[in-house]
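K.L.:
Fold the stuff below for me.
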Amino acid sequence: MTTTFFVALGLIFLFDTVLGGVLGWMARSPKYAGYRIHTGRNPIGDRKRTLSILLNYSLPQIMYGGFLYFLGNTILYTGVPKVTSLLGETLGVILLYDFMYYFFHRALHAPALMRAIHGVHHRIRYATAEASTYLHPAEGIGGTALFLLAIVILGPVSNTAFLIDFFLFSAINIYVHSNLSFPHPVFRLFNFWTRTHDVHHYYCRNNYSSIFPFWDQMFGTAEDQKVPVKAAKAAA
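P.N.:
Sure thing, here's the model as predicted:
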């Protein structure tokens with residue numbers, strides 16, 4: 001691992017921080033009210049929410065640091081591979097992660113785990129980008145561990161593939177909670193992510209995939225039902 005690798009990793013963390021802040025501001029700003037999926041406030045105190053977000057923002061960084069220190073030189077290799085190899089590594093890791101996360105997320109909806117762990121995140125009915133890290137620490141640790149496990153299973157992979165996958169994994173997770181839908185065709189995929197995850201938060205069921213929708217389609221848990229506007233406002 002090189003200095004360039006760690007600089008790039010730090011820049012991704014910085015980008016995610018800025019992305020979460022900007023999308024969170026847009027979801028609250030009257031200027032972008034027309035792009036909100038629905039509006040409202042979550043019944044969670046600001047201090048409690050801030051402490052949870054800071055904790056769950058810090059834990060993954062500690063896990064990544066431990067992973068890179070103990071396994072980085074074994075699981076990751078320096079350099080940029082051929083385009084086909086890079087695509088294979090990048091797609092393989094993100095597909096395997098999303099496959100494992102689907103079952104992890106679905107299991108968290110079992111009554112016992114919902115009460116003990118996942119229910120914390122589902123107190124967020126009005127999703128915002130900052131709320132992506134409002135969750136039980138065990139859930140944050142589990143999601144990060146699955147991402148790192150996918151790399152271990154398919155490793156060694158290049159530093160470049162790791163950085164691309166980490167960027168996709170972290171940025172998409174923030175964006176799907178943004179509660180924003182934009183009319184321009186370029187945002188079609190992003191709007192799909194935000195709307196399906198908004199359905200998941202409102203009904204507390206289905207749409208368990210993090211990135212690829214075909215896991216839900218394959219296992220019969222895809223749901224495109226829209227959140228009723230009146231119900232959404234009342235719940236929020």
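K.L.:
CA atoms only for stretch 19-28 - export them in PDB, please.
P.N.:
The C-alpha trace of stretch 19-28 is given here as PDB (Å, rounded to 0.1, in the frame of the first residue of the first chain):
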ATOM      1  CA  LEU A  19     -22.100  14.300   0.400                       C
ATOM      2  CA  GLY A  20     -24.000  13.500   3.500                       C
ATOM      3  CA  GLY A  21     -24.000  17.100   4.700                       C
ATOM      4  CA  VAL A  22     -25.100  18.600   1.300                       C
ATOM      5  CA  LEU A  23     -27.900  16.000   0.800                       C
ATOM      6  CA  GLY A  24     -29.100  16.500   4.300                       C
ATOM      7  CA  TRP A  25     -29.200  20.300   3.900                       C
ATOM      8  CA  MET A  26     -31.100  19.900   0.600                       C
ATOM      9  CA  ALA A  27     -33.700  17.600   2.200                       C
ATOM     10  CA  ARG A  28     -34.300  20.300   4.800                       C
END
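K.L.:
now that stretch, how far from the centre of its chain.
P.N.:
For stretch 19-28, the separation from the chain centroid amounts to 15 Å (computed by C-alpha atoms, centre = their mean, to the nearest Å).
K.L.:
Now tell me what touches that stretch from outside.
P.N.:
Contact with stretch 19-28 is made by 32, 35-36, 128-130, 132-133, 171, 174-175, 178-180, as judged by C-beta atoms under 8 Å, 6 or more residues apart in numbering. Where you see a C-beta, it was placed from the backbone N, CA and C, and this is true even at glycine.
K.L.:
Among those residues, name the buried ones.
P.N.:
35-36, 128-130, 132-133, 174-175, 178-180 (16 or more other C-beta atoms under 10 Å).
K.L.:
in this protein, which residue is closest to the centre?
P.N.:
Asn173 (1.9 Å; C-alpha atoms, centre = their mean).
K.L.:
just to revisit the earlier point, turn the buried ones among the contacts of stretch 19-28 into a markdown table, columns for secondary structure and distance to Tyr69.
P.N.:
As requested, these are exported to a markdown table (DSSP: H, G, I helix; E, B strand; the rest coil; distance: C-beta to C-beta, whole Å):
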| residue | secondary structure | distance to Tyr69 |
| --- | --- | --- |
| Tyr35 | helix | 42 |
| Arg36 | strand | 42 |
| Thr128 | coil | 33 |
| Ala129 | helix | 30 |
| Glu130 | helix | 29 |
| Ser132 | helix | 26 |
| Thr133 | helix | 23 |
| Ile174 | helix | 26 |
| Tyr175 | helix | 30 |
| Ser178 | coil | 33 |
| Asn179 | coil | 37 |
| Leu180 | strand | 37 |
